[in-house]
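Below is the sequence, then the predicted model.
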Amino acid sequence: MLSNNPTHDLKVGRLSITAPSPNSDGQSLVALHNVGVNRDGRWLVRGIDINVRRGEIVTLVGPNGSGKSTTAKVALGIIKPDEGSVERDPGLRVGYVPQKFEIESMLPLTVTRLLNLTARHSKNDIAEALEMVGASEHVSSRVQSLSGGEFQRVMMARAMLRKPDLLVLDEPAQGVDFSGEIALYDLIKDIRNQTQCGVLLISHDLHLVMAETDTVVCLNGHVCCTGSPQAVSESAEYRELFGARAVEGLAVYQHHHDHTHLPDGKVKHSDGSITDHCHPDDGHHHD
Amino acid sequence: MIDDFFVRALLAGIGIAIIAGPLGCFVVWRRMAYSGDTMAHSALLGVALGYFFGINIELGVLIVGVGIALLLLFLERDGRLPRDALLGVLSHSTLAIGLVIMALMTSLNFDLMHLLTGDILSVTKFDLMVIYSAGALILVGIIWLWRSLLAATVNEEMAIAEGMKPEIAQAGFLILMALLIAIAIKIVGILLITSLLIIPAATARRLITSPEQMAIAASLIGVVAVCGGLFSSYEFDTPTGPSIVVAALGLFILSHLISMNVKNRN
């Protein structure tokens, strides 16, 4: 468990404010120390240690009811922990995309108004953010008319507009099809690379968690294991929790998509050449 | 002109309708119709206690209304009883206790019907002053709370994460509701107050595209309903409060017919 691991060192984050540590690329944005949340005498999570640094993507994985959302809400300050402490960078700006939710149909709300909900943004900024997530055509659509994937992308644009230091995404791929899911994870990577924000991502499995994840935290009421995606997938705790199939699944995402299928059935390769079929040495594809 | 009872009734009704617009929108968006009813029913207890302690009736209603609002907030957080059942218990028990206390005070001699369905034609200049000053206060309050209430209506946890205080906004909103109910009892009565909140807002929904437009449209629709109800009650000698609600219902049906027609043509 994390708390027993002497190499996991929260002091790194604190020190980096004065002297950058060689072990981390950024300052600590939010750190949970031995956090526990108790409801009606039952511990939803306990002994949670998590640290998200600037420019780092931390992914929480775990089965349903393992406390992923609870942990994220503690990091966001929505839930006060009953034990342990939360250290948040003062003045931390947060972008939060909650788990899929419905907006009351009686509430007349366009995408632009939704983006301006808690702070006003310029037309240009809004257009830019929507373009980045590929939802430009929905700038004045009713939010209730969007599909699940479109709504998630709009929510992502909304979080982006806040120019967050920390982006928290709770199962952003819910209700999104497979290729949409890959596009979504690519988008998260782009956002991180462009803004150098820290990302706390929640996912119900490791299958598609992108290779860009720096740290995976495997939860099941407590931290089962933590480390790089590769290390976590090879750990006994992870195999026990998800079974061997999940480990095989993890291998899938590490193939690179070096070609795309065109509408006429031909294949465009990464070097720009177009052929009728995939080559045997092409990377994994998912059609 | 203000000496005319009909003009005073008109001014009072218009004032209440304007305030009810934006508040009613939140009642509809947050699905608080039953909460509104509960607070309105508790007003009868407020009236009874007002008489009992010999204080101003509106003040009695306000105090009981705020009490019920805070009790609701507290018990909902507690979460031991489902919201629906909780409201059912509070709504009818406050109504019943109010009626019992009134029956016990045998010295009292007033028309219960007026409390239940309103007595807009007896509005005094003092009532008008109370309605417009309290109304201004409510409008300032709702504008102040608007952004955080709206954010919390979309997603409460997102609002908290982004630094808003939805719990305070929610408590503030319920207090504004209690204030509105206190000054509106005379206009449409305890049983019909919620309709003046919900029907104009639901009518406005068909016609507009932004939350702010919906609030303004709801106010205007409420004003039209008040005028229509008052004039028809004068014309056909029907009870005024119910006539206003019937007029509002007419506008509601009309807006649905119009929007259905527009959709069919597209």
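Nice, thanks for sending it over.

Tell me, please, the helix or strand in the chain that averages the lowest pLDDT.
Here I'm looking at chain A. In chain A, no helix or strand scores lower on mean pLDDT, DSSP states H and E than helix A:11-15, which sits at a mean of 31.

should've been chain B
Across the helices and strands of chain B, mean pLDDT, DSSP H and E gives its lowest value to helix B:112-117, namely a mean of 83.

helices or strands up against the next helix or strand after it?
Using DSSP states H and E, the helix or strand that follows helix B:112-117 towards the C-terminus is helix B:125-154. In this structure, helix B:125-154 makes packing contacts with helix B:5-29, helix B:156-161, helix B:166-188, judged by 3 or more Cβ pairs under 8 Å, 6 or more residues apart in numbering or on different chains; DSSP states H and E. Where C-beta positions appear, they are placed from N, C-alpha and C, glycine not excepted.

where does helix B:125-154 sit relative to the chain's centre, distance-wise?
Offset of helix B:125-154 from its chain centre (Cα atoms, centre = their mean, to the nearest Å): 12 Å.

can you put the helices and strands packed on helix B:125-154 in JSON lines and add mean pLDDT, mean neighbour count and distance to A:Phe178?
Converted to JSON lines, the helices and strands packed on helix B:125-154 look like this (pLDDT from 0 to 100; neighbours: other Cβ atoms under 10 Å in any protein chain shown; distance: least, Cβ to Cβ, whole Å):
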{"stretch": "helix B:5-29", "mean pLDDT": "94", "mean neighbour count": "24", "distance to A:Phe178": "35"}
{"stretch": "helix B:156-161", "mean pLDDT": "92", "mean neighbour count": "22", "distance to A:Phe178": "27"}
{"stretch": "helix B:166-188", "mean pLDDT": "91", "mean neighbour count": "23", "distance to A:Phe178": "36"}
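
Buried residues of the helix or strand hosting A:Asp186, list them for me.
With elements taken from DSSP H and E, the one containing A:Asp186 is helix A:178-195. Along helix A:178-195, these residues count as buried under the neighbour rule (16 or more other Cβ atoms under 10 Å in any protein chain shown): A:180-185, A:187-189, A:191-192, A:195.

What is it packed up against?
strand A:57-61, helix A:123-132, helix A:148-161, strand A:166-170, strand A:198-203.

Could you give the average pLDDT over it?
With pLDDT averaged residue by residue, helix A:178-195 scores 83.

what angle sits between that helix and strand A:57-61?
Between helix A:178-195 and strand A:57-61, the angle formed by their directions is 140 degrees, by axes from the mean of the first three to the mean of the last three Cα atoms, to 10 degrees.

how far does helix A:178-195 sit from the chain's center?
Using Cα atoms, centre = their mean, the mean C-alpha position of helix A:178-195 is found 9 Å from that of the whole chain.

got the angle for that helix vs helix A:148-161?
Angle, helix A:178-195 to helix A:148-161, by the same axes, to 10 degrees: 10 degrees.

got the angle for helix A:178-195 vs helix A:123-132?
Computed by the same axes, to 10 degrees, the angle separating helix A:178-195 from helix A:123-132 equals 130 degrees.

relative to strand A:198-203, how tilted is helix A:178-195?
Computed by the same axes, to 10 degrees, the angle between helix A:178-195 and strand A:198-203 is 170 degrees.

List the contacts of the residue in chain B positioned nearest to chain A.
Here the residue of chain B nearest chain A is B:Ala161; by Cβ to the nearest Cβ that distance is 4.1 Å. Residues in contact with B:Ala161 (Cβ atoms under 8 Å, 6 or more residues apart in numbering or on different chains) are A:76-78, A:94, A:96, A:168.

Could I have the buried ones of these as ChimeraX selection syntax?
Selecting the buried subset of the contacts of B:Ala161 in ChimeraX, with 16+ other Cβ under 10 Å as the burial test, is done by:
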select /A:76,78,94,96,168
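
okay, the contacts of B:Ala161 in a markdown table with distance to chain B, secondary structure and pLDDT next?
Output for these, formatted as a markdown table (distance: Cβ to the nearest Cβ, whole Å; DSSP: H, G, I helix; E, B strand; the rest coil; pLDDT from 0 to 100):
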| residue | distance to chain B | secondary structure | pLDDT |
| --- | --- | --- | --- |
| A:Leu76 | 4 | helix | 92 |
| A:Gly77 | 7 | coil | 90 |
| A:Ile78 | 5 | coil | 91 |
| A:Val94 | 5 | strand | 91 |
| A:Tyr96 | 4 | strand | 93 |
| A:Val168 | 7 | strand | 94 |
